[in-house]
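1. when you get a sec, could you give me coordinates for this:
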Amino acid sequence: MIRSKAFTLIELLVVIAIIAILAAILFPVFAQAKLAAKKTSALSNTKQLATSYNLYLGDYDDTTEQIPSTCADWWGPILPYFKSIDLIMSSERNDKDTNACRNALGAYKLSSFGYNWGPFGWRGGGLLNPDGTGKSATSVVEPANTYVFGDTYDTPRATLGLGFAGDSYGSQGGFSNSGLRYGGSFNYGFLDGHAKAVKVVGGVLPGAFGEVFIRPANPSYFGSYCADPEADVVDNNSGLNTTPHVPTMQCKLIAKFLQDNITTPCATKGNYSAPCYWTN
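-> Numbering: from 1, shown residues only. I've put the predicted structure just below:
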């Protein structure tokens with residue numbers, strides 16, 4: 001009697017079930033490994049840009065850039081120092097850049113990084129004087145804790161301010177911390193030349209660009225938007241008309257103000273009608 005060497009239906013189903021279980025276990029691991037590799041590459045790019053910025057400072061009397069142009073944006077002045085336009089891009093941001101001037105420089109996507117104009121953009125407090133000129137880098141109180149540039153969803157001219165950094169993320173329907181770039185671990189270049197990944201969180205801020213805000217999760221970085229954390233950032237009625245309204249206060253307290261005054265968790269996906277913070 002000849003015995004069949006074929007698998008029975010039950011055996012095949014068992015094998016398929018085992019493969020499915022292994023896939024369910026391994027695929028998330030592969031995804032996490034891929035994200036970790038992207039984070040490492042992006043942080044390396046950030047470090048190179050921070051070094052380029054410090055080379056720029058050395059050639060320009062230790063003075064930060066003046067207000068960025070509408071063409072090359074903040075990265076234009078330091079482009080000769082890092083040369084590869086890919087350093088300002090991210091695989092996690094694919095918004096097309098249709099500006100002919102930036103296209104001519106090789107930028108066909110929007111940069112993933114925004115410049116430090118201060119915690120609330122046009123109100124100041126960052127690396128620009130009120131007239132838009134650059135500041136003396138030696139006047140910055142805490143250079144090792146002061147952002148020069150960092151991850152943003154703002155559109156050119158790109159900034160990293162609290163009410164600007166979530167611009168296209170919010171306008172395109174983003175609604176969670178976990179959905180932020182690199183899982184909410186943003187890369188920043190600091191004035192002393194180092195780069196670091198900083199955990200950020202966000203929520204709804206009616207009146208902001210994209211109707212959302214993004215701020216550091218760790219209060220140690222609340223003053224990182226500030227050339228002088230103790231100096232007042234004046235409510236000059238320009239920029240964002242947000243709810244809650246952010247009054248004149250010390251620069252280091254503005255991120256804390258959002259933390260203390262937006263205390264309602266966001267209840268519904270994509271609800272941008274009232275201030276709230278994301279819980280996931």
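
2. mind showing which ranges of the stretch 151-280 of the chain have poor pLDDT?
-> Scanning the stretch 151-280 of the chain for pLDDT under 70 picks out the ranges 270-271.

3. can you pull out the helices in it?
-> Per DSSP state H, counting those that start in this stretch, the stretch 151-280 of the chain carries helices over the ranges 167-171, 254-261.

4. any idea how many residues pack against residue 235?
-> Using other CB atoms under 10 Å, residue 235 has 14 neighbouring residues. Every C-beta, even on glycine, is put in place using the N, C-alpha and C of the backbone.

5. can you give me phi and psi for the spatially closest residue to it that is not a sequence neighbour?
-> Among residues not flanking residue 235 along the chain, residue 248 sits closest, at 4.5 Å (CB to CB, 6 or more residues apart in numbering). In terms of degrees, to the nearest 10, the main-chain angles of residue 248 are phi -60, psi 130.

6. which parts of the stretch 1-150 of the chain are helices?
-> Counting by DSSP H, counting those that start in this stretch, the helices of the stretch 1-150 of the chain are 9-59, 79-82, 100-104.

7. now the ones you listed in CSV, with mean pLDDT, distance to residue 252 and mean neighbour count?
-> CSV is the format used below for these (pLDDT from 0 to 100; distance: least, CB to CB, whole Å; neighbours: other CB atoms under 10 Å):
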stretch, mean pLDDT, distance to residue 252, mean neighbour count
helix 9-59, 84, 22, 14
helix 79-82, 94, 30, 16
helix 100-104, 92, 33, 13
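
8. distance to residue 167 added to the ones you listed, as TSV?
-> Below are the helices of the stretch 1-150 of the chain laid out as TSV (distance: least, CB to CB, whole Å):
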stretch	distance to residue 167
helix 9-59	19
helix 79-82	23
helix 100-104	17
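
9. so the residue nearest to residue 235 makes contact with residue 231?
-> No: the pair residue 248 / residue 231 is not scored as a contact, 10.9 Å apart, by CB atoms under 8 Å.
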